[in-house]
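Asker: okay, sequence plus prediction incoming.
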Amino acid sequence: MDFSISRNDELLFEGKRKRLVEQLKEKGITNQAVLNAILKIPRHFFLDQDTILQKPQHIKLIERPALLEHAYSDKALKIGAGQTISHPFTVAFQTEKLNIQKGDKVLEIGTGCGYQTAVLLEMGAKVYSIERQKELFDKTKLFLPKMGYQLAKLMYGDGYKGWPQYAPFDKIIVTAAAPYIPQDLLAQLVIGGILVIPLGEGEEQVMNVIVKKTDKEFEKQSFGKFKFVPMLQNKAS
Ligand code: SAH
């Protein structure tokens, strides 16, 4: 990280993250690499990017206690531009379903505040991430390097189109609710690649895990209900 926080604060946050990881295990998450990443990443900073961007050198005081109180509970929280960061359980569930191996090339649709991006990077993936909201894209592009995550490639664009320049990808994760499976994303997967995508236009969506068997054959499995903000067409400004 580009800044330091007091040891007391670190201990407090570490304790909160340990409890969160215990809750995730109780809810059925077993992948140790996913749990390790969540244990390590300071989620509270991702919810408070403005403070980090304004006070880059030394963070001592917890300046937004209400937000910090919630950062390690299993809740979705607002990140600006009308968007939310996903519940930790949702992040853990989607990441587990991606079956990440070190060195995997992963495309993420919906960078948001970059928390999911950081989880993938901690697991040794090469991450390409697309965000359609300019405000979120601009902030997260500055914020991630401050947190020590320099390696993600970020694009301001429309995730429906994928990122042909860097295709094919081993894995693709969509972190917004899609009304249908975008054909461009299937086309940009390697054979044997995995797409994890929440589908549905109502209040709740069903999580789908799609494995590309051949250029034309796909295997789809559906899992329980989740809540996401909608995947929208075209770039917003
Ligand atoms: N992975 C994010 C979750 C953010 S919420 C995180 O960890 O914070 C979903 C994000 O998807 C929002 O930021 C929203 O703007 C973005 N989004 C919605 N439709 C999109 C599209 N077509 N292309 C790219 N991003 C999109």
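Answerer: Here it is on my side, so go on.

Asker: CA only for contacts and neighbour counts going forward, please
Answerer: Fine.

Asker: check which element follows the longest strand along the chain along the chain.
Answerer: As assigned by DSSP state E, the longest strand anywhere in the chain is strand 189-199. Remark: after strand 189-199, the chain's next helix or strand is strand 205-212, criterion DSSP states H and E.

Asker: can I get that following strand in PDB, CA atoms only?
Answerer: C-alpha atoms of strand 205-212 as PDB (Å, rounded to 0.1, in the frame of the first residue of the first chain):
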ATOM      1  CA  GLN A 205     -31.000 -13.200 -10.400                       C
ATOM      2  CA  VAL A 206     -29.900 -16.700 -10.800                       C
ATOM      3  CA  MET A 207     -26.100 -17.400 -10.900                       C
ATOM      4  CA  ASN A 208     -25.000 -19.300 -13.900                       C
ATOM      5  CA  VAL A 209     -21.700 -21.100 -14.500                       C
ATOM      6  CA  ILE A 210     -21.100 -21.800 -18.200                       C
ATOM      7  CA  VAL A 211     -18.200 -24.000 -19.400                       C
ATOM      8  CA  LYS A 212     -17.200 -23.800 -23.000                       C
END
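
Asker: list the neighbouring strands of that strand plus their orientation.
Answerer: With DSSP bridges as the test, strand 205-212 is paired with strand 189-199 (antiparallel), strand 218-226 (antiparallel).

Asker: so where's this structure uncertain?
Answerer: Across the chain, residues meeting the criterion (pLDDT under 70) sit at 1-8, 55-68.

Asker: need the residues of it near the ligand, please.
Answerer: 83-86, 109-116, 130-133, 158-160, 175-176, 229-233 (C-alpha under 6 Å from any ligand atom).

Asker: on that earlier part again, JSON lines for the strands paired with strand 205-212, including mean neighbour count?
Answerer: Listed next are the strands paired with strand 205-212 as JSON lines, based on neighbours: other C-alpha atoms under 10 Å:
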{"stretch": "strand 189-199", "mean neighbour count": "23"}
{"stretch": "strand 218-226", "mean neighbour count": "13"}
